[in-house]
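**Q** Requesting a structural model of the entry that follows:
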Amino acid sequence: MILVVYAHPYPTRSRACKTLLEAIGGRQGVEVRSLYELYPDFDIDGKAERQALDRARLVVWLHPFYWYGVPALLKHWFDQVLAKGWSHGEGGRALVGKDCLWVTTTGGGEEAFTPEGRHGHPFEAFVPPMMQTARYCGMNWLSPFAVNGAHSVPDEVLQEAGARLGVRLDEWASAKSS
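**A** Residues are numbered from 1 along each chain as shown. Below is the predicted model of the structure:
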């Protein structure tokens, strides 16, 4: 099972995340947990989220790239769900061996993620916190999937990105079933 932990604080305004979610959400074996729909008051049900994670073989974190990280509710989700003794620390082995895929959208285009661009660094410079979160929990980190320039790219580019993400999940599922 593939668990998509989706965190967009303004989903009705999202072109990119919405397109990606539509491309993968209806697939067999995919469960989507839309955090801002489930927990508009930020009162996360840690037990329910851990049960969903228990069922997963692949965990996908899907969200817009916010201030070089994750939206507030996803950060809170990490704090509430990835509990010491469950996901890490002594006895914390619940996520060991599960795969983790980070899927994010950025407002800036690829040129913004260069030493000369407005962010001053390549996109890869912002990957370590997410990668370390997964690895700290014993998860297998997969190469991230990013859609840059989400505010300005044509709809066709977003559709193609959704198709590529779907193929990536299908390939993962196929490899795990053989």
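**Q** Only C-alpha atoms from now on, for both contacts and neighbour counts.
**A** Will do.
**Q** neighbours around the nearest residue to Glu111 once chain neighbours are set aside, how many?
**A** Nearest-residue entry for Glu111: Gly117, 5.8 Å, with adjacent residues in sequence omitted and distances by C-alpha to C-alpha, 6 or more residues apart in numbering. Counted with other C-alpha atoms under 10 Å, residues neighbouring Gly117 total 14.
**Q** Who are the contact partners of the residue nearest the centre of the chain?
**A** By C-alpha atoms, centre = their mean, the chain has its centre lying nearest to Trp61, at 1.6 Å. Neighbouring residues of Trp61 by C-alpha atoms under 8 Å, 6 or more residues apart in numbering: Val4, Val5, Tyr6, Ala7, Cys100, Leu101, Trp102, Val103, Thr104.
**Q** The same query, at a cut-off of 7 Å, please.
**A** Residues counted as contacts of Trp61 (C-alpha atoms under 7 Å, 6 or more residues apart in numbering) are Val4, Val5, Tyr6, Leu101, Trp102, Val103.
**Q** Which of these ranks first by neighbour count?
**A** Using other C-alpha under 10 Å as the neighbour criterion, Val4 leads the contacts of Trp61 with 26 neighbours.
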